[in-house]
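Asks: below: sequence and its predicted model.
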Amino acid sequence: DGGMSTAILVLAATAGPLPALRLFRPTPQGVDAYVQKQEKTFNYDKRGCIEEYLRSGHVPEGYTLADAHAIAGSGRRTYSSVVSALNSGRLLRGCKWAFIHFHGQPRVGTSLATVVHCYRVAWCLNPCCVLNVGSGPKRSILAYGTLRGHLLAGEEAFAVNIDDDETVHVQVISISRGEGLVGKFALPLIAPIRSAFLGEAVQRLANEAL
């Protein structure tokens, strides 16, 4: 009846997205096909939250912060080589259980997917869109936000900094919350994967140093 139909529609709207799962590791062509089908509709309203965090240390209410840090080495050559990898999207290179695939050269508006083999059961594709690509003499960053269809809502960023003593630091930052009932319910399972992803990602980028 009408009441039952309304209840089903409300449940579907609040449940949030179901994950895009694959039994086998997706090919680049398969990820491209998936990304192209996704609407560029962000699933959160705190855009720029990572830039705000880097400026002030503020994390929006209801969101959680996770990050990982590594030292890539020292010197301008090291900084330049890591930034080159960052700007070209060479992230998580060589990782067997996760990768990031950009649909084109990383620039503002480029679609991408983070792809993770979850608990060795299935590969999960997570749609995102680049928000910021910035390179400077002391600091460079690549940040992206989650799109509708992602179980998390928020942003991730890769940042590279060189200190006055020429130590090169690499940081990967995530500010997010569970999206919809499914995302919130699954968050205890997602959180360990996110931590492992950040740790792997920061080390892989640091390894890009010459």
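Replies: On my side now, so go ahead. Numbers count the residues shown, from 1 in each chain.

Asks: and the spatially closest residue to Ser135 that is not a sequence neighbour, how many neighbours?
Replies: Residue nearest to Ser135 in three dimensions, not counting chain neighbours: Val83, with 5.7 Å by CB to CB, 6 or more residues apart in numbering. From N, CA and C alone the C-beta is placed, and that goes for glycine too. By other CB atoms under 10 Å, 21 other residues sit near Val83.

Asks: kindly report the same for Arg25.
Replies: Arg25: 12 surrounding residues under other CB under 10 Å.

Asks: backbone phi and psi for it, please?
Replies: Main-chain dihedrals, Arg25, degrees, to the nearest 10: phi -60, psi 120.

Asks: helix, strand or coil for Ala201?
Replies: The three-state label given to Ala201 by DSSP: H, G, I helix; E, B strand; the rest coil is helix.

Asks: for the one 4 residues further on, same thing?
Replies: What three-state DSSP gives for Leu205 is helix.

Asks: check contacts around it.
Replies: Leu205 makes contact with 70, 72, 82, 85-86, 91, 158, 160, 170, 172, according to CB atoms under 8 Å, 6 or more residues apart in numbering.

Asks: just checking, which of those residues belong to strands?
Replies: Using DSSP state E, the subset of those located in strands is 70, 72, 158, 160, 170, 172.

Asks: need the nearest residue in space to the first one, chain neighbours excluded.
Replies: It refers to Ala70. Leaving aside its sequence neighbours, Ala70 sits nearest to Ala206 (CB to CB, 6+ apart; 4.1 Å).

Asks: wait, doesn't that neighbour sit right on Gln171?
Replies: No - using CB atoms under 8 Å, Ala206 is not in contact with Gln171; the gap is 10.0 Å.

Asks: hmm, back to that, so which of the ones in strands among the contacts of Leu205 is the closest to Lys96?
Replies: Nearest to Lys96 among these, counting by CB to CB, is Val172 at 18.2 Å.

Asks: wait, the closest one touches Glu156, no?
Replies: Yes - counting by CB under 8 Å, Val172 touches Glu156, with 7.0 Å between them.
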